[in-house]
Each structure stands twice: as C-alpha cells, then as structure tokens.
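J.: okay, here's the prediction I keep looking at, along with the sequence it came from:
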Amino acid sequence: LSRTSLSLSRLLSVSAFADAVRTSLGPRGMDKMIQDENGEVLITNDGATILTKMKCFHPAAKMMQELSKAQDVEAGDGTTSVVVLAGSILDSTRNLLAKGIHPTMIAESFLRATTEAEKILESIAIPVDLTDRETLVHAATTCLSSKVVSSDSQILAPIAVDATLKVIDPDTAHNVDINENIRVVQQVGGTVEDTELVNGLVFPKVSSNGPTNITNAKIGLIQFCLSAPKTDLENNVVISEYAQMDRILREERKYILKMCKKIKETGCNVLLVQKSILRDATNDLSLHFLAKMKIMVITDVERQDIEFISKTVGCKPVAHIDSFTEDRLGSAGLVEQVSMGAGRVTKVTGCPNQGQTVTVLVRGSNKLVLGEAERSLHDAFCVIRCLVKKRFLIVGGGAPEAELALRLEQYAKTLPGEAQFCVKAFAQALEVVPYTLSENAGLNAIEIVTELRRQHKLGNAQSGINVRSGKISDLKDENVFQPLLVTLSAITLASETVRMLLKIDDMCASI
C-alpha cells in the first residue's frame, strides 16, 4: 500500500468506529442492541461496552478499542466522548496533510494544543468539597442522564454518592478502590426504583433448610468441604458385601458429624461455605446435621468475595476444620432471608467491626435491565472517584469543548507558520461534541452550535446546550456538572492516540 492509501485506510477505520458510537453520545443518545455469537443479547449505550463487544480487524480500529478502555480505567466515564473526539481530531488532519504539512509537525502542534487545553480547562473549573453531597449528586445525575436507566437517576445517583463516600475518608483520600470495597448484587424482580444500599452483605443464595432469621450472629467462613473425602487420584472402591457398604456410610456419617459438632462448639450459628470445584462443598447429610444444630448455611460463596466478606463481618477464612476456632468468627446484628419478587436473598446487617465496605442491591425486571443498571452505577461510582482524585467540576452540555475551541483559536494566532494551522484545526475538531449533542437531541445543530459560539465570545464560559429546553443556557444554574478529570482525560488520551497514528507511515505483517 502507498502512504496515501495507508493514511486514508486509518482515517476510514477510525471514522467508522467513531460514527458507530457517535449516536450514543449525550442524554438523548440512542442505545445499541448487541448480539454475541452465542445468541446472548445486550442493550447498552456505554461506549466502552459497545466497543469491547465489537469485532474489528484493522489495527487502527483496535487502537480505538484500547483508547476507550484506557478512558474507562482512568476516569470511568466519557468512553463515548473520547472515541468521538479522536475520530474528529484525526479527520481534521486530512486537510492539513493535503496542504503538505508534515505529520511530525502536526503531531507536535497537537501536543502544544493539548497542553494549552489542560490549562484552559483548569482555569474554568469549579472547586468542589467532598462534604457537599448535593453537588456530588448533581455530578452523578449528569453521568446517569445518558444511560438506559436515566429515568431512575434521582434514585441511583444518591446511592452511588453515599456508597462511594462510605468507603473512604473524605479528608485524606486521594483514590477509591471501587472493585474491592463496593459490591453490586443483582436480583431479578421489582424495578430499578427498588434498588437499595445495604450496610453489610447480600447473598443471592439462601439456606435450603434450617433457620431463616438469626440475631447476634456469629459468622464462620470455611474454605474446606463438608462432605466425604475423596482420593487425590481417580480411583474406584469395589464393594462386594452389604456390610462393607454399611460401614462406608457409617464412617461417612461419623466423619461429617464430627466436623459439624466442631463447628457448633465454637458458637457459630451462620456458616458461609466457599464454592468448590474439586468435589461437593456440602452434601445433604451435612446440611441436615447443621440444620438440626440451628446453624444457617449459605453455600457457593465465590472465591473473589472472600476478602470483601472478611473485611465486612470481621471473620477470617478457615482452610481446615482443625483451625476452626472461636477467634476466627465474625459477628453481625442480624442475618435474615428476605423475599424479593420471585426469589429470596440473605442480608447480613449490623456488623460491629465493619470495614470500609458497602453493598448495593440492584433490582430490575429482567437481566438486560439489571446488567445496564450495574454498568450505569459503576460509571456513577467512577464519577465520584474522579472528584476524589481531582476535586474540580466543570459544566457539561458541550460548554467546555466550545470554550476550548474559542480560546485555542485565539492561542493559535500567537503561533508562527504551520503550527497556527494545526492548532486551529485541533480547536475546530473539538466542536464535534456540542454538534453531536444537539444532533442527537433532534435540534438544528448548525443553529445551536453557532449560538453557542456567540455566547462564549460574549464571555459566558458556562453556557452549554440544554437538551431539555432545546436552547443554550447557563448550565451552572441547571446543575449540569461533570468532573474535570473526565474531559481532561478524554482530550489528553484522544490527542495521544491521534499523534501515535499520525507518526505511522508503513504497515507490515509480522511472521
């Protein structure tokens, strides 16, 4: 391929990717229905999810997938915006290359523009205090407004804020470990409005027999099996007489009863059993004995949840029955089974030694709604995490991009020669965000963006597109906020990816 063909190939592949998710941008963006090779259906408008599920073959398109993942890791939100921005910035290079400007000069000018953009964004940012819960809720609501569950944002946003603030110390925290300290449990039945925050644990599994409600619970967590032992290798035991069979059953019964008595002696009345892949973690006999001893059993606890459970109830996992002692037990005020829709869940609340952990119980009419509600909540958690990492807000609605476009054009006039053309092209490319927002809202995009430019030239830096009224308004008064880190990260990552693509002049296959 010639270098011109390669450049065109990159432009087309990235533009195709950007166009695929562009209609999902903003509060009036459309959703995508994705069907995988197994026939499973997924409905979402989350950019990272859409791009992850897409199959692509062109290397430049794969870079867009990685770009979206990078934005998801860094900020958690803005995964659609970053791809749309990258597509627009790369598209702006077409005219620059046609003018004969060298790709290296374009890349260097884009770097200067990005550095200046960071300074401009920080100059228009609004400081935020983590004790100002109302402002944090507004930021989370703005994030959720573009999701499938946007109609329930008034319920989900406060839950996301309270959950995130509960697992940190606002005065000293500089980051939030969402995956380790916040658990989201899905339960089919009810609606998203029934979603609740639980200060404790929620298990979708319930005890098949035995007690269903225990106060002042002593909780044990075991990683060994309450079933008959097996040989390490696959062997067969040949039985020729009924007496031998009776002896095996008697020994098995004695073995399991001894373990159950040992558990009972410690004062344990709630037993959590880790899932086992080698053999059955429990059997009917062990469950029968434990039920007789008034011990509630919750089985199939996932391995990745062990640390979270230990931090929440203060128990220590036990790998062998001989190590199961009273000092390894955790405690909780109440463990109860609660009926919810077609199923039941087990709630553990009132933990006196609870660490900085919290559980969100998500409700929904079907698995598609539950999956999207969980992804939306994760984005809302990430928005609050962004504010913990960098405690500044900016308004949304395309206002920061419009202000950047205006001020970067002014900055371009101070630069000599070719750099002026390049920075001006970068500035104009940023207007794709307000243009797309108005287009997706069914507004006259040219009219709206022109009015937006006029307002920003008059010095109204907080003016943005109000998709509800279909007009330009002061979004600070409308409480449309987003973290500074989201926009900062999107522009930085998009610019970096475009600069990398610009410096590629040949493509060859490895053997």
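T.: Right, received. Where do you want to start? Numbers count the residues shown, from 1 in each chain.
J.: who's Asn213 bridged to?
T.: Counting by DSSP bridges, Asn213 is bridged to Glu336.
J.: what's in contact with stretch 453-470?
T.: 26-28, 124, 395-399, 402-403, 405-406, 434, 437-438, 441, 443, 448, 452, 472-476, 478, 480 (Cβ atoms under 8 Å, 6 or more residues apart in numbering). Where you see a C-beta, it was placed from the backbone N, CA and C, and this is true even at glycine.
J.: and what of stretch 347-358?
T.: Under Cβ under 8 Å, 6+ apart, the answer for stretch 347-358 is 163, 166-168, 181-183, 197-203, 217, 219, 270, 308, 311-314, 330-338.
J.: now do the buried residues in stretch 90-98.
T.: By 16 or more other Cβ atoms under 10 Å, the buried positions in stretch 90-98 come out as 90-93, 96-97.
J.: the spatially most central residue of the chain and Asn179: what is the separation?
T.: Closest residue to the average C-alpha location of the chain: His378 at 3.4 Å, with Cα atoms, centre = their mean. Distance of His378 to Asn179, computed by Cβ to Cβ, to the nearest Å: 9 Å.
J.: with Ala427 instead?
T.: 37 Å.
J.: neighbour-wise, which of those two wins?
T.: Neighbour count, other Cβ atoms under 10 Å: between Ala427 and Asn179, Ala427 has more, with 23 against 11.
J.: spit out the contact partners of the more buried one.
T.: Contacts for Ala427 (Cβ under 8 Å, 6+ apart) come out as 113, 404-406, 408-409, 412.
J.: swap in 6 Å and give it another go.
T.: Contact analysis of Ala427 by Cβ atoms under 6 Å, 6 or more residues apart in numbering lists 405, 408-409.
J.: please enumerate residues in contact with stretch 389-399?
T.: For stretch 389-399, the surrounding residues in contact (Cβ under 6 Å, 6+ apart) are 125-128, 142, 175, 400, 433-434, 437, 462-465, 475-476, 480-482, 484-485.
J.: now do stretch 363-381
T.: 43-44, 46, 76-77, 140, 143-144, 147-149, 160, 164, 178, 184, 186-187, 190, 192, 194-195, 362.
J.: now intersect the residues you listed with the helices, please.
T.: Secondary structure defined by DSSP state H assigns 140, 143-144, 160, 164, 178 of the contacts of stretch 363-381 to helices.
J.: farthest pair in these?
T.: By the measure Cβ to Cβ, Leu144 and Ile178 form the most distant pair in the ones in helices among the contacts of stretch 363-381, at 15.8 Å.
J.: more neighbours, those two?
T.: Leu144 (27 against 18).
J.: which strands and helices lie in contact with the worst-scoring helix or strand of the chain on mean pLDDT?
T.: Within the chain, confidence by mean pLDDT, DSSP states H and E is lowest for helix 3-22 among all helices and strands, at a mean of 73. Secondary-structure packing of helix 3-22 (3 or more Cβ pairs under 6 Å, 6 or more residues apart in numbering; DSSP states H and E): helix 59-74, helix 79-98.
J.: so which of those helices is the most surrounded?
T.: Of the helices and strands packed on helix 3-22, the one with the most neighbours on average (mean count of other Cβ atoms under 10 Å) is helix 79-98, at a mean of 23.
J.: would you map the strands across the stretch 151-300 of the chain?
T.: Using DSSP state E, counting those that start in this stretch, the strands of the stretch 151-300 of the chain run over residues 182-188, 196-198, 200-203, 213-222, 270-274, 296-301.
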